[in-house]
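S.K.: give me coordinates for this.
(chains A, B, C and D)
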4 protein chains.
Amino acid sequence: MPSVSIGVVGLGYWGPNLLRNFAALDECVVKYGCDLKRENLEKMRKNYPAVTYTEKFEDLLKDEGLTAIAIATPTSTHFDLAKKALEAGKHVLLEKPMTSTSMQAKELTELAKKMQLQLLVDHTFVYTGAVSKIEELVKSGEIGELHYFDSTRINLGLIQKDVNVLWDLAIHDLSILNTLHNLENIASLYAHGSTHFTKQPEIAHLHLTFKDGMEAHIHVSWLSPVKIRKTIVGGSKKMILYDDTEPSEKIRIYDKGVHFKELVEDGKPDPFFPVYRSGDVLIPAVPNPEAMRVEAEHFLQCIRGKEKPRVSGEDGARIMKILELANTSLAEKKPLALS
Amino acid sequence: MPSVSIGVVGLGYWGPNLLRNFAALDECVVKYGCDLKRENLEKMRKNYPAVTYTEKFEDLLKDEGLTAIAIATPTSTHFDLAKKALEAGKHVLLEKPMTSTSMQAKELTELAKKMQLQLLVDHTFVYTGAVSKIEELVKSGEIGELHYFDSTRINLGLIQKDVNVLWDLAIHDLSILNTLHNLENIASLYAHGSTHFTKQPEIAHLHLTFKDGMEAHIHVSWLSPVKIRKTIVGGSKKMILYDDTEPSEKIRIYDKGVHFKELVEDGKPDPFFPVYRSGDVLIPAVPNPEAMRVEAEHFLQCIRGKEKPRVSGEDGARIMKILELANTSLAEKKPLALS
Amino acid sequence: MPSVSIGVVGLGYWGPNLLRNFAALDECVVKYGCDLKRENLEKMRKNYPAVTYTEKFEDLLKDEGLTAIAIATPTSTHFDLAKKALEAGKHVLLEKPMTSTSMQAKELTELAKKMQLQLLVDHTFVYTGAVSKIEELVKSGEIGELHYFDSTRINLGLIQKDVNVLWDLAIHDLSILNTLHNLENIASLYAHGSTHFTKQPEIAHLHLTFKDGMEAHIHVSWLSPVKIRKTIVGGSKKMILYDDTEPSEKIRIYDKGVHFKELVEDGKPDPFFPVYRSGDVLIPAVPNPEAMRVEAEHFLQCIRGKEKPRVSGEDGARIMKILELANTSLAEKKPLALS
Amino acid sequence: MPSVSIGVVGLGYWGPNLLRNFAALDECVVKYGCDLKRENLEKMRKNYPAVTYTEKFEDLLKDEGLTAIAIATPTSTHFDLAKKALEAGKHVLLEKPMTSTSMQAKELTELAKKMQLQLLVDHTFVYTGAVSKIEELVKSGEIGELHYFDSTRINLGLIQKDVNVLWDLAIHDLSILNTLHNLENIASLYAHGSTHFTKQPEIAHLHLTFKDGMEAHIHVSWLSPVKIRKTIVGGSKKMILYDDTEPSEKIRIYDKGVHFKELVEDGKPDPFFPVYRSGDVLIPAVPNPEAMRVEAEHFLQCIRGKEKPRVSGEDGARIMKILELANTSLAEKKPLALS
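M.R.: Sure thing, here's the model as predicted:
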């Protein structure tokens, strides 16, 4: 199997992680590291001297031997860089948020399709053992009909300058939710933000009502004294608690639920009589490899046509669209009904 | 000090607790137990044989020696019973929800004032050591300006037949919030509910925005696999985490916060540069007597004119009003702007 | 079925609980309450007026209609009172520690046998849902061969005047252990105590080595800043963690273990190659009724010949014997080899 | 300030961490990496190409420009390598356990003294923020007189082939204890082991009684289903709980204790009347840098004469001595009285 050669663009905060993970894979060679800041290049060179470092993105585009480009630059540059990469025939792994607008996201998606190239969006949580397990539990029908998804992702900081807290944090929950339920089927959406220090919400709640009655609520905050990352997935048969702050026991499956018995009361059947079931709790052993390693391998498998993208351009665009609608709801201070 | 004599009306679920707590106080005699169901009376008689048991509420009204009446009957009867009790010159402790409508609550409040009688509403949480401590921390200024109040009160069951989950559970959070911030100053309110089994929300979120920028969010559910009762009170100086499921360490005070430094960037001062402070966490020793005992003693002290009601009729009416607005918001599916 | 009539002797700290639980059972009548202190009698009379209260133990002995006596007086009086009760033909439930010496315990046991009466010892933990579940898991073979029992039972206080911490706290762990493994088969025993304030150990460790290689370690303390009640039961197939401070999830079953593979190393098979198995964790739903209620019902069933005592006089005597040996080990500061 | 040049010997499991941390310090140059296995050298070369890699330890000894050697080879080789290094005039940082015997440890210590070289033992826990904080709390007198040290360090695996569980795990607790109390002042020692799979204890308890009445108990296990790393430090004024599995809140300081009041009972003063104090719990903000980084910097400061070794050869030898005595106690199955 010929080795895939990869260039990583943007070596500030996230890019080095991408480079490190691709470098660790046997079936892959990191050929380029690219950044506008020379010091970022030098820092990487110290640890990965065999890589070619450049300040010019064009060097990557021109290299016909280069298979793919992973982009971890500031969001505002994503669209241009990814477009050029796709036009140059490179597969692309694009850091989240995918682009600045959902329109751009769609354009990239169509371009990738036209060029028959892989375009994946780097929503790393999707590749964790925990989220994969939840996806399996939901899709296998084990938890029954999906009733609700309730997520809390709060901590102190890191307050972002350019995006509100939904774009920074809720994006993770949306990417997880996207693996469980079709984000196209949202009936209405309401975002509520509160702003205490800056010019945009530092705390926010996003409510999504789906056409089938499923409800999602995502609570994010940069102003919490405690770090909480807890998601409850409520089904008609079972319920899941996913606590990402647990070192190993991240998922608990509750064999709990409620159903209603018909009783006869005063001669008439009474439909109201809730019966609660509180069975065992199972903490499944879930493998916990580094998610980005799993993602890097998956990207290679997609390039080789062996797997289908778990977070495709379409997925990324769908998430972008919801974040845009959330901003609209924040601005208009009201729920949006989506047809 | 002459002993206060008390009658307890409604001996189903909550009333026996009231009777037990009043009976345990030295400065007080429980003279009557009253309920329409004879079996409830007999059950109490077994344990408290010295009390006079009756099915007739009028017996209490007519007894001129009776000082006060505690009412723990179904909500729909509260208004009538409390009105009669006040008109008969009895002080009243009224189980929550105070009445069926906020109008009724106001009417009772005015009647009590006219009659110069005490009217207290039984919001028991207010009398816990934990809530008293939080109130003290907020009012003393120790946590600084109040930024937000975020509460989660979820569990499996007990689904109510007649009221939605906000009326059943959020009422507790509103009574706590009422001790911390003026509930009159709400600028807007949004309630979001989701209904999976019955005809009214079993899961709900209530968002309150105050005129001064303070934000409250209350999340309640009857359909959670786990019991969570967690409230975060965010201040400009410190933040409090109140976890009511902890057996003794219910409150944590975080010496945490954020402020913004002005830095010079490119010759211009940059107002965006968050600095995070993460200091010690203090778990104060908080006395933890039975809240209802504290409440019962407080009621006696109010009757004697020694203390002012911590949850007066006005407080109860204010909470009722918010629950009514929440129902309106649920029905109209939109936020309500309050002048 | 004729009702069992019971007298409760000793109405200080523990006796009222016994009285309350027997009183709540339909198949049973509490006929007498007995205590030397008049105020204890009066306190009970307030709530349970139908009971006959007396300061004279003889009144109970003489009443031929009385079936059984529950004894919750100071330990030093247990032997005399229980002996008289048995001699008078009454079944006996005896508060722990059963007697002052194991000799006395054996004497009572033999007397009961001779009289064909039931003699049960009140080790309440045995009747909890959690301990019953552990017993079931061990006896069914689900956890495999029992390797170890490791228990920590520590808190601040309550320092006892007359007994050391092993007699106060480790007695609970011994009663639990007694349901899991034959306490007769101890090969050696070592008790280690440390004394900081009084004249006898306030912190202690008890090591028991069984003939079959099973090991038990019990750590008890009156001087811990935190309350810990955690027992690990290690088996060859599975392991159990029992945390009694958890409100509902008291038991976790770990599908974890180790086995050794033979590998060939340098041409010779290498017996040392541990393979670790880390499977799921199961938190079984365990019913959690009040243990003393279960115990009270069980006592009645034993009297009626329907059940065999879960904690018989023999069991109580065996536990006494170990506590005596522990005292010897503490005094001699060395392990004791038991034949 | 001239840069310190360092060679790291042994690049298997732990050595690469040492190399990485020294390489990251500005005031230090890693000159050599040394290992008998070529593949270990090559693995390091990939990331740290500027280092000279060699299979010959002599290359380091002969290089007069080399200041210090960090040794992370198998324990059995420590003595020889460290001796040669010291004889060649190099400062030494020696991985724990320091040597195979305490005699060897003493010999190295004396040699270092004679040569006026620094000899530090790599007990990394001592350099954590948590342990430094505990040391500060104990030494400042804030917790009062030290009553006890109780540590539990248990998990599933990793069973060692050559050493028992005390040498593998209790060594960490002994190094922590060594910072708090003089390990020379042990009056008696008892080690209890239990062996279920291999030829040496996989579970063990070590009891140390000090001449001043202080007691230490260390519980270690390779056969626990759960990972627990909890140490309680009990003082006469306050008590500390150190939970190393907590991500950030590793230390809790309990303002708790007990004292005894003299009461007059029956005309005679009764010295037995415990009064419990349960004040606040403080979770101090403790910096949490990588311990080995702190240790590496400290080693450099010791070489420069700016700091005194926090874990000197004497400390290492003292810990070795206790582990040897523990083995004796295990073999003789009895406590050892030390003069």
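
S.K.: mean confidence for stretch A:77-97?
M.R.: Model confidence over stretch A:77-97, given as mean pLDDT, is 97.

S.K.: ok, stretch A:221-238 next?
M.R.: Per-residue pLDDT over stretch A:221-238 has a mean of 97.

S.K.: next, the buried residues of it.
M.R.: Burial within stretch A:221-238, assessed by neighbour count using 16 or more other C-beta atoms under 10 Å in any protein chain shown, is assigned to A:221-226, A:228-235, A:238. C-beta here means a position set from N, CA and C on the backbone, and glycine is covered the same way.

S.K.: can it be found next to chain C?
M.R.: No. Taking C-beta under 8 Å from any C-beta of the partner chain as the criterion, stretch A:221-238 and chain C are apart, separated by no less than 13.0 Å.

S.K.: hang on, the earlier thing: which one of the buried residues of stretch A:221-238 is nearest to chain C?
M.R.: When the buried residues of stretch A:221-238 are compared for distance to chain C (C-beta to the nearest C-beta), A:Lys238 comes out closest, at 13.0 Å.

S.K.: quick one: low-confidence residue ranges for the stretch 201-339 of chain A.
M.R.: Low-confidence segments of the stretch 201-339 of chain A, defined by pLDDT under 70, span residues A:263-271.

S.K.: what does it have sitting close to chain B?
M.R.: Counting by C-beta under 8 Å from any C-beta, the stretch 201-339 of chain A sits next to chain B at A:203, A:205, A:207, A:209, A:213, A:215, A:217, A:219, A:221-226, A:232, A:234, A:239-241, A:252, A:254, A:256, A:258, A:260, A:272, A:274, A:276, A:278, A:333-335.

S.K.: domain-wise, how is chain A divided?
M.R.: The record assigns chain A these domain ranges, following automatic domain parsing: A:4-122, A:133-287.

S.K.: including distance to D:Ile69, could those domains go into CSV?
M.R.: As requested, those are exported to CSV (distance: least, C-beta to C-beta, whole Å):
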stretch, distance to D:Ile69
domain A:4-122, 24
domain A:133-287, 35
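
S.K.: now do the strands in the stretch 1-150 of chain A.
M.R.: Taking DSSP state E, counting those that start in this stretch as the test, the strands found in the stretch 1-150 of chain A are A:4-9, A:28-34, A:52-54, A:68-71, A:91-95, A:119-122, A:146-156.

S.K.: so how many other residues sit close to the nearest residue to A:Glu295 once chain neighbours are set aside?
M.R.: Leaving out its chain neighbours, the residue that sits closest to A:Glu295 by C-beta to C-beta, 6 or more residues apart in numbering or on different chains is A:Tyr127, at 4.2 Å. When counting by other C-beta atoms under 10 Å in any protein chain shown, one arrives at 21 neighbours for A:Tyr127.

S.K.: contact partners for A:Tyr127?
M.R.: A:Tyr127 is in contact with A:291-292, A:294-295, A:298, A:310, counting by C-beta atoms under 8 Å, 6 or more residues apart in numbering or on different chains.

S.K.: and which of the residues you listed is nearest D:Phe57?
M.R.: When those are compared for distance to D:Phe57, the smallest value, 38.2 Å, is given by A:Met292; criterion: C-beta to C-beta.

S.K.: residues contacting the closest residue to A:Val9 other than its chain neighbours?
M.R.: Sequence neighbours aside, A:Cys34 is the residue nearest to A:Val9 in space, at 4.5 Å (criterion: C-beta to C-beta, 6+ apart). Contacts for A:Cys34 were tallied using C-beta under 8 Å, 6+ apart; they are A:7-11, A:41, A:53-57, A:59-60.

S.K.: just the buried residues of those.
M.R.: By the neighbour-count criterion of 16+ other C-beta under 10 Å, the contacts of A:Cys34 include these buried positions: A:7-11, A:41, A:53-54, A:57, A:60.

S.K.: out of the strands of the stretch 1-150 of chain A, nearest to B:Lys133?
M.R.: Closest approach to B:Lys133 among those (C-beta to C-beta): strand A:146-156, 22.3 Å.

S.K.: so how far is the lengthiest helix in chain A off the chain centroid?
M.R.: Secondary structure of chain A per DSSP state H: the longest helix is helix A:313-332. Going by C-alpha atoms, centre = their mean, to the nearest Å, the spacing between the C-alpha centre of helix A:313-332 and its chain's C-alpha centre is 13 Å.

S.K.: packing partners of whatever helix or strand comes next after that helix?
M.R.: Toward the C-terminal end, the helix or strand that comes next after helix A:313-332 (DSSP states H and E) is strand A:336-337. With contacts defined as 3 or more C-beta pairs under 8 Å, 6 or more residues apart in numbering or on different chains; DSSP states H and E, the secondary structure elements packing on strand A:336-337 are strand A:186-194, helix A:313-332.

S.K.: just to revisit the earlier point, the residue nearest to A:Glu295 and chain C, how far apart?
M.R.: Distance, A:Tyr127 to chain C, by C-beta to the nearest C-beta, to the nearest Å: 21 Å.

S.K.: check A:Ile251 too.
M.R.: Counting by C-beta to the nearest C-beta, the separation of A:Ile251 from chain C is 10 Å.

S.K.: one more: A:Gly257?
M.R.: When distances are taken as C-beta to the nearest C-beta, A:Gly257 and chain C turn out to be 13 Å apart.

S.K.: which residues touch that residue?
M.R.: A:144, A:236-239, A:276-277.

S.K.: ok, back up a step: from the residues of the stretch 201-339 of chain A next to chain B, which land in strands?
M.R.: Taking DSSP state E as the definition of strands, those contribute A:203, A:205, A:207, A:209, A:215, A:217, A:219, A:221, A:223-226, A:232, A:234, A:239-241, A:252, A:254, A:256, A:258, A:260, A:274, A:276, A:278.

S.K.: now the residues you listed: which count as buried?
M.R.: Among these, those classed as buried by 16+ other C-beta under 10 Å are A:203, A:205, A:207, A:209, A:215, A:217, A:219, A:221, A:223-226, A:232, A:234, A:239-241, A:252, A:254, A:256, A:258, A:274.

S.K.: want to throw the contacts of A:Cys34 into JSON lines with distance to A:Glu184 and pLDDT?
M.R.: Rendered in JSON lines, the data for the contacts of A:Cys34 read as follows (distance: C-beta to C-beta, whole Å; pLDDT from 0 to 100):
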{"residue": "A:Gly7", "distance to A:Glu184": "33", "pLDDT": "98"}
{"residue": "A:Val8", "distance to A:Glu184": "32", "pLDDT": "98"}
{"residue": "A:Val9", "distance to A:Glu184": "31", "pLDDT": "98"}
{"residue": "A:Gly10", "distance to A:Glu184": "30", "pLDDT": "97"}
{"residue": "A:Leu11", "distance to A:Glu184": "36", "pLDDT": "97"}
{"residue": "A:Leu41", "distance to A:Glu184": "41", "pLDDT": "96"}
{"residue": "A:Tyr53", "distance to A:Glu184": "42", "pLDDT": "97"}
{"residue": "A:Thr54", "distance to A:Glu184": "40", "pLDDT": "97"}
{"residue": "A:Glu55", "distance to A:Glu184": "41", "pLDDT": "97"}
{"residue": "A:Lys56", "distance to A:Glu184": "40", "pLDDT": "97"}
{"residue": "A:Phe57", "distance to A:Glu184": "34", "pLDDT": "98"}
{"residue": "A:Asp59", "distance to A:Glu184": "39", "pLDDT": "97"}
{"residue": "A:Leu60", "distance to A:Glu184": "34", "pLDDT": "98"}
